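Chemist: sequence plus the predicted model coming up.
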Amino acid sequence: MTSHQSTQTMKPATAAKKLGVYLEATPAEFQEGVVSRAELNELQANPPQWLQDLRRNGPHPRPVVAAKLGVSIAGLARAGVTEPLTTEQIEALKQEGPEWLERERTTQAEVRKEAARIKKKNAERQA
């Protein structure tokens, strides 16, 4: 009996998410095809120029925007930021320091502190 292993593929949206880029900003050939696991690994190991440029300048998807601003995705939504932002726009927001950004950063810090407290409490319980 021989084992036949099929190539694992994913939709472009899934690959873009794993690469941390905004799908609509990727080249047409990326958007229209399927991406194999090997191709994804190659893109991660040796990113082509278009991928390097997207990661550096954007536009960035919401999870990346949220991480760069130090807030949650829900915090972005509460502030009405629903569109992808470029690195330049993110830096401008950081410089402006709007009230919502400071509030959401404080909220995110409290959430992280509480998560760390719970994790420590659970670890102590295990010991």
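Modeler: It's in. Residues are numbered from 1 along each chain as shown.

Chemist: show me what counts as buried in the biggest helix by length in the chain.
Modeler: Counting residues, the longest helix found in the chain (DSSP state H) is helix 99-126. Neighbour counts using 16 or more other C-beta atoms under 10 Å place 100-101, 104-105, 108 of helix 99-126 among the buried residues. Bear in mind the C-beta positions are built from the backbone N, C-alpha and C, glycine included.

Chemist: run through the strands of this protein in chain order.
Modeler: Under the criterion DSSP state E, the chain contains strands at 9-10, 35-36.

Chemist: winner for burial among the ones you listed?
Modeler: Highest mean neighbour count of these: strand 35-36, a mean of 18 (counted as mean count of other C-beta atoms under 10 Å).

Chemist: tell me where the chain has helices.
Modeler: For the chain, the helices defined by DSSP H cover 12-19, 28-32, 37-45, 49-57, 62-69, 73-78, 87-96, 99-126.

Chemist: any chance of those in a markdown table, plus mean pLDDT?
Modeler: Below are the helices of the chain laid out as a markdown table (pLDDT from 0 to 100):
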| stretch | mean pLDDT |
| --- | --- |
| helix 12-19 | 90 |
| helix 28-32 | 88 |
| helix 37-45 | 89 |
| helix 49-57 | 90 |
| helix 62-69 | 91 |
| helix 73-78 | 90 |
| helix 87-96 | 92 |
| helix 99-126 | 90 |
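
Chemist: mean pLDDT added to the strands of the chain, as a markdown table?
Modeler: Compiled in a markdown table, the strands of the chain are given as follows (pLDDT from 0 to 100):
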| stretch | mean pLDDT |
| --- | --- |
| strand 9-10 | 86 |
| strand 35-36 | 88 |
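
Chemist: so for E29, which of these sits nearest?
Modeler: strand 35-36 (10.8 Å; C-beta to C-beta).

Chemist: relative to that closest one, what are the paired strands and their orientations?
Modeler: Strand pairing for strand 35-36, determined by DSSP bridges: strand 9-10 (antiparallel).
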